[in-house]
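In: Turn this into a model:
(one chain, ligands or ions: 1)
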Amino acid sequence: MEFQNLLFEVADRVVTITINRPSALNALNNDTLTDLNKALDEVAKNDGIKGVILTGTGKAFVAGADISQMASYTPEQCRAYMGYAQQTFNRIEAIEKPFLAAVNGYALGGGNEICMACDFRYASEKAIFGQPEVNLGIMPGFGGSQRLPRLVNPGLAREIIYSGRNVTAEEALRIGLVNRVCAPEALMDEARAIMKTIASKPAHSLRYAKTSINRGLDTDLYKAIQLELELVSLCFSSPDQKEGMKAFLEKRPANFAS
Ligand code: CAA
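Out: Have a look, this model is predicted:
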């Protein structure tokens, strides 16, 4: 696969997607979003890929939407660009495989927004998060005004969005924006280790768990619990459920097929 601004490397059934446009701190211009969509097509269709690590080259994870590309936009051009990014990030949530953002540096604006579309986040001690759009005379437009208040205390989300202030890795951990803060040199090893564990689990367990969590969060509790019932029941149609439970009863490790 050919990409302009992205690296795509598979190991242990996990793909590492690296946004690779360091001259603009990995800002997400249209070409980079197109690369990302091409990578997502492959992740969605390739059964050999069980999960994704998303990271960035150099000192940035992603420094946001591309300011030089959008500076002269009309409202209509903004709608097309931001809509494209929103659809791309929605795909990250819709693909029924776990995504981990390994945040190596600046995750500002669209950078924070793409990592919030992932299932969970690990950060380097050097990572800096934030929604600085107000400093540019706009507001978040890649999903940030919706995902941030759903992920952290809504009052804090408002403070972060209204002030445009930076959030350190340590604060990100404290407020639940990231699960873990790592030494910079340990970030990718830690990311690979957890994704290797996740990739050893049956594909249908991961698929239905992600769907149950994502769809459930957007609906009321009792409908969400009904959805969970449908999905857990579907698990019982899988040979890996038979194998998992048989292995437990025979006191041996499971040998999953998917
Ligand atoms: N878009 C386009 N280019 C960017 C960029 C961005 N978001 N962020 C950085 N760059 C470019 C710089 O223009 C610079 O290019 P040149 O070398 O050609 O001048 C290069 O990347 C290196 O950046 P700096 O020299 O600024 O690096 P620094 O270390 O001094 O500062 C920084 C780093 C604090 C992250 C700073 O670059 C910065 O503030 N970037 C903008 C962050 C931002 O505002 N992001 C939000 C964008 S709006 C958005 O994302 C809206 C939305 O919801 C979708």
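
In: wouldn't Glu243 be in contact with Ala254 here?
Out: Yes: using C-beta atoms under 8 Å, Glu243 is in contact with Ala254, at 5.5 Å. The C-beta positions use only the backbone N, C-alpha and C, and glycine is treated the same way.

In: Gly58: neighbouring residues, count only.
Out: 16 (other C-beta atoms under 10 Å).

In: Report the contact partners of it.
Out: By C-beta atoms under 8 Å, 6 or more residues apart in numbering, the contact list for Gly58 reads Pro22, Leu25, Asn26, Gly105.

In: which residues in the stretch 1-150 of the chain form helices?
Out: 30-45, 67-70, 75-94, 110-117, 144-151 (DSSP state H, counting those that start in this stretch).

In: Relative to Val15, which of these is closest?
Out: helix 30-45 (6.2 Å; C-beta to C-beta).

In: Would you mind pulling the contact partners of that closest one?
Out: By C-beta under 8 Å, 6+ apart, helix 30-45 touches 1, 3-6, 8, 15, 17, 19, 21, 26, 28, 49, 52, 66, 69, 81, 84-85, 88, 91-92, 95, 97.

In: Just the closest residue of this protein to the ligand, please.
Out: Gly109 (2.3 Å; C-beta to the nearest ligand atom).

In: before we move on, the earlier item: with respect to burial, which of the helices of the stretch 1-150 of the chain scores highest?
Out: Among the helices of the stretch 1-150 of the chain, helix 110-117 has the highest mean neighbour count (mean count of other C-beta atoms under 10 Å), at a mean of 28.

In: before we move on, back to that, most surrounded residue in the contacts of Gly58?
Out: Result: Asn26 is most packed of the contacts of Gly58 (other C-beta under 10 Å), 31 neighbours.

In: Now do it, the pLDDT please.
Out: Note on Asn26: pLDDT of 98.

In: what does stretch 149-161 rub up against?
Out: The contact list for stretch 149-161, computed with C-beta under 8 Å, 6+ apart, reads 116, 130-131, 133-134, 139-140, 144-145, 148, 165, 167, 175-177, 217.

In: quick one: which of the residues you listed sit in strands?
Out: Gly130, Val167 (DSSP state E).

In: okay, the residue nearest the centre of the chain: pLDDT?
Out: Residue closest to the mean C-alpha point of the chain, counted by C-alpha atoms, centre = their mean, is Cys118 at 1.6 Å. We note a pLDDT of 98 for Cys118 in this prediction.

In: OK, contacts around it?
Out: Contacts of Cys118 by C-beta under 8 Å, 6+ apart are Val52, Leu54, Ile92, Phe99, Leu100, Ala101.

In: Identify the residues contacting the third one.
Out: Listed by C-beta under 8 Å, 6+ apart, the contact partners of Ile92 are Leu40, Phe99, Ile114, Ala117, Cys118.

In: okay, now Ala224: neighbour count?
Out: Ala224: 16 neighbours (other C-beta under 10 Å).

In: That one contacts Ile213, doesn't it?
Out: No: taking contacts as C-beta under 8 Å, Ala224 lies outside contact range of Ile213: 9.1 Å.
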